[in-house]
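J.: What follows is a predicted protein model with its sequence.
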Amino acid sequence: MTPTMTYTGHFRALLRLGAPLMASNLAQFAIHITDTLMLGWYDVTALAAATLATSLLFVIFIVGAGFAQAVTPLVATAAEEGDTRTARRVTRMAVWLSIFYGGVVSIPFFVAEPILLAIGQTPAVAAAGADYLVIAILGMIPALIVMTLKSFLVALELTAFIFWSTVAAAVLNVGVNYLLIFGNFGAPEMGIRGAAIASVLMQAGTLIVLVIYILRKLPEQELLRNPFRPDPQIMSRVFRLGLPIGITSLAEGGLFTASSIMMGWIGEVALASHGIALQLASLTFMVHIAISQAATVRAGRAVGRRDETGLRRGAIASFVLSGAFVCLTIVAFLAIPRTLISFFVDPQAPSLPMILTLGTTLLAMAALFQIVDAAQVVALGLLRGLQDTVVPMVIAAFSYWVVAIPLSYLLAFTLGWGPQGLWLGLVVGLAVAAVCLCWRFIAGRKRRPLMELPGREKVGQHV
């Protein structure tokens, strides 16, 4: 790739890198949505509990995943400079940080039921949610290491295997869920606990497969060389870049967890409807995340080349691709909402009519939601490629917790607009984030040229 690559070339580069990531993200989402679908058919209380429990688990995960996500821009820049040593060191220290973080945050999940009760959930939802969490948390450390290894492969633009390994994990998850949730083929009927066991097995299996692939496909990277050697300089760099990424993700993920908690105050039907609408919005969001990930890699490589023109054209291509998919999503959410919602609930469930009515309204809100959510995540990806993570963290915290959460509460409870008001508050908060992050990228390029960004790592002699 050269600095004079055309816009067509940038579209092709993004699609070549992003298409397997889109498919992989959708397959990864299928793992989560499988739990929702199967538990929705099993029991509405289990569905509500899983919605809440997985939201909490995801919030904890995405903070630690910040260290893994820091791998992508750092390794992409190092790869563009031919620096395999830095790529190896960055990945090793990200694994160290993931293990330490995962061990610490797992502790509270073993006493989850009192926590869920304390935040206002019903005893039935709290008990079922705790049953899920106490098992699913065992997959936290494997999941974080998997995220680190995937980020390493993404930075090297080796995304096809990520897709196939994720598909295999999704198939495994479906199979174990079918056995253990419902007790098919002589297996014990474990309900929500069976879904948690399937999740843990899937994470462990994916980790083993990725390690084997990297060792065989990329022996020159020597990724397991000196795995126990500390590297304070690189660890500090990964920590300083990754912690703001994790906190940014916490601000956004916490926003949706808080919305689930508040929706639980309204009632189980509202929470179940919210969970379905959120799952559908999250499903389409996987495509925008893939575009954002591809944008991070291309921006990171532009840093390595000091290619301002390539960065600008790649950014425009990223926003155009994301916008095109937003248009398709809006049409689907407005045209066939009841069809989409009906996939998640047993047709014989007494609460189905209420869920369909409320869920249709929430999907209309989600259609508006898509526009601003896509813009903010693509802008975040570009900024991360430039190793700009602190200011985006501040923007996210302000937009989601100073604007979105108070406004959602005001509209839903103080003004009595209910679930619809809660979702409108989310839309406004994300819109603020989208505008500020896009402006940060545009204005930042004027203030700080690529020549001033950090390139090859010079510290220490660790290998």
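T.: On my side now, so go ahead.
J.: What residues sit buried inside stretch 207-214?
T.: Leu207, Val209, Leu210, Tyr213, Ile214 (16 or more other CB atoms under 10 Å). For every residue, glycine as well, the C-beta is placed using N, CA and C.
J.: in the helix or strand bottoming out on mean pLDDT in the chain, what counts as buried?
T.: Ranked by mean pLDDT, DSSP states H and E, the weakest helix or strand in the chain is helix 7-42, scoring a mean of 78. Across helix 7-42, burial judged by 16+ other CB under 10 Å covers 9-11, 13-14, 17-18, 20-42.
J.: helices or strands next to it in the packing?
T.: Contacts defined by 3 or more CB pairs under 8 Å, 6 or more residues apart in numbering; DSSP states H and E place helix 7-42 against helix 44-80, helix 160-182, helix 192-217, helix 268-305, helix 308-335.
J.: which residues of the stretch 301-450 of the chain fall in strands?
T.: Taking DSSP state E, counting those that start in this stretch, the stretch 301-450 of the chain contains no strands at all.
J.: any weak-confidence spans in it?
T.: 445-450 (pLDDT under 70).
J.: what's the angle from the least confident helix or strand of the chain to helix 44-80?
T.: Using axes from the mean of the first three to the mean of the last three CA atoms, to 10 degrees, the inter-axis angle of helix 7-42 relative to helix 44-80 is 160 degrees.
J.: could we number from 846 for the rest of this?
T.: I'll keep to 846 as the first residue from here, and by that count the last item is helix 852-887.
J.: Might you calculate how far helix 852-887 sits from the centre of the chain?
T.: Helix 852-887 sits 11 Å away from the centroid of its parent chain (CA atoms, centre = their mean, to the nearest Å).
J.: before we move on, what about stretch 1032-1043?
T.: That offset, for stretch 1032-1043, works out to 24 Å (CA atoms, centre = their mean).
J.: Any idea how far apart the tips of that stretch sit?
T.: For stretch 1032-1043, the first-to-last residue distance is 13 Å (CA to CA, to the nearest Å).
J.: buried sites along that stretch?
T.: Under the neighbour-count criterion of 16+ other CB under 10 Å, stretch 1032-1043 has Met1035, Gly1036, Ile1037, Arg1038, Gly1039, Ala1040, Ala1041, Ile1042, Ala1043 buried.
J.: Equivalent analysis for stretch 1241-1256, please.
T.: In terms of neighbour count (16+ other CB under 10 Å), stretch 1241-1256 has its buried residues at 1241-1246, 1248-1250, 1252-1254, 1256.
J.: any chance of those residues in CSV, plus distance to Val1021?
T.: Formatted as CSV, the buried residues of stretch 1241-1256 follow (distance: CB to CB, whole Å):
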residue, distance to Val1021
Ala1241, 35
Ala1242, 38
Phe1243, 41
Ser1244, 38
Tyr1245, 34
Trp1246, 37
Val1248, 41
Ala1249, 36
Ile1250, 36
Leu1252, 41
Ser1253, 36
Tyr1254, 39
Leu1256, 41
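J.: now, which of these sits nearest Ala893?
T.: Distance to Ala893 across the buried residues of stretch 1241-1256 (CB to CB) is lowest for Ser1253, with 19.0 Å.
J.: Leaving out the residues flanking it, which one is nearest to that closest one?
T.: In space, and not counting its chain neighbours, Ser1253 is closest to Gly1270: 2.9 Å by CB to CB, 6 or more residues apart in numbering.
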